[in-house]
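K.L.:
Sequence first, predicted model second:
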Amino acid sequence: MPTESIPMPSTWQNVGLRTSRIATVLISNAIPIVGVLRYGWSASNVLVLYWLESLLIAILMCLRIAGHCLLTRRKGHWRTGQLTPSPRNLGNRPVMMRDYAAVAFPFTLVHGIFVIGITYMLAMNHPDSPVWGFDFVAFRHGALLLAGVLAAEFCLDMTGMRKRPFAWMRACTQQRMGRVLVLHLAIIFGMFAAAATDSPYAVLYVLIGLKTLWDLSTSSAGDAPAAPADKPPPWLITVSERVGKGKISGADLQKQWKDSREAALEHAIEDEQVMPTKNGRR
């Protein structure tokens, strides 16, 4: 099926969405940097602030998914396997927000427990050092600034949401899911760096660096996705034949690749169709 059948934002819409997302990334990551360098925020404040950012992003992402589903009723919201490896079947109720929440909120809860434990240990191990302690007033200021930036991004995304295709919504949701894992790894590696250098700024450098790189690399989420290649790459055919020891030929792999490609395109086109209501109306 032709990929042109899949509606996507126009070039100017993509430019606007990407620009707003990049601006959000730069501003949200500048808040802790300015806080540390200008106002002396501690590593503990930044750790808790990043956890709060993850929680707010998860909540706002659920609101985006729910809003898009309510306004567009695209069939993709009813299809399982959009965010998980489960079979891609249409069901009787929207499932994408459920699938996202089932990953984002448990991970965020674990992050919160981990961050609280780290903050407590840092304060106990460095009772006389303000760079390791937690300052509620500084945290409140950072939280209000960060919430304002995320709320502005949310309002921009909701503008014209009725015209946004499901492919845009799915790409944004996948980006947010990946960010949860990246932040979790950043906290772990940051604490190893802090233990090795005995410096709170090691945590900040790792956190800010990894999170900024991920956010910028995925800032184009929602652009028109590239269609799958017609044929598998030659190296994949070579590897499959050697690993399969003659059980999987290049022709077999190409057929599987073609079948998988056609199924993916069919699902993508069907996902953009409008789900009828109980009375049969659209």
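P.N.:
Yes, it's here.
K.L.:
next SSE after the helix or strand bottoming out on mean pLDDT in the chain?
P.N.:
Within the chain, no helix or strand scores below helix 234-244, which has a mean of 67 by mean pLDDT, DSSP states H and E. For helix 234-244, the succeeding helix or strand toward the C-terminus, using DSSP states H and E, is helix 250-271.
K.L.:
Distance from that next one to the middle of the chain?
P.N.:
Chain-centre distance of helix 250-271: 26 Å, with CA atoms, centre = their mean, to the nearest Å.
K.L.:
Check which helices and strands it sits against.
P.N.:
helix 166-197, helix 234-244 (3 or more CB pairs under 8 Å, 6 or more residues apart in numbering; DSSP states H and E). Just so you know, the C-beta spots here come from the backbone N, C-alpha and C atoms, and that holds for glycine as well.
K.L.:
Now the residue nearest to residue 40 when sequence neighbours are not counted: which helix or strand?
P.N.:
Residue nearest to residue 40 in three dimensions, not counting chain neighbours: residue 130, with 7.0 Å by CB to CB, 6 or more residues apart in numbering. Using DSSP H and E, residue 130 sits within no helix or strand.
K.L.:
Over to residue 123?
P.N.:
Taking DSSP H and E as the definition, residue 123 sits inside helix 96-125.
K.L.:
Would you mind extracting the C-alpha trace of the helix or strand just after that helix into CSV?
P.N.:
Once the chain leaves helix 96-125, the next helix or strand it forms, by DSSP H and E, is helix 136-158. The C-alpha coordinates for helix 136-158 follow below in CSV (Å, rounded to 0.1, in the frame of the first residue of the first chain):
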residue,chain,number,x,y,z
PHE,A,136,13.1,23.0,49.8
VAL,A,137,12.9,26.6,48.8
ALA,A,138,15.4,26.2,45.9
PHE,A,139,13.5,23.0,44.9
ARG,A,140,10.2,24.8,44.9
HIS,A,141,11.6,27.6,42.6
GLY,A,142,13.0,25.0,40.2
ALA,A,143,9.8,23.0,40.2
LEU,A,144,7.6,26.0,39.4
LEU,A,145,9.9,27.0,36.5
LEU,A,146,10.0,23.5,35.1
ALA,A,147,6.3,23.0,35.5
GLY,A,148,5.7,26.2,33.6
VAL,A,149,8.0,25.1,30.7
LEU,A,150,6.3,21.7,30.4
ALA,A,151,2.8,23.2,30.6
ALA,A,152,3.7,25.6,27.8
GLU,A,153,4.9,22.7,25.7
PHE,A,154,1.7,20.7,26.5
CYS,A,155,-0.5,23.6,25.4
LEU,A,156,1.4,24.0,22.1
ASP,A,157,1.0,20.3,21.5
MET,A,158,-2.7,20.4,22.2
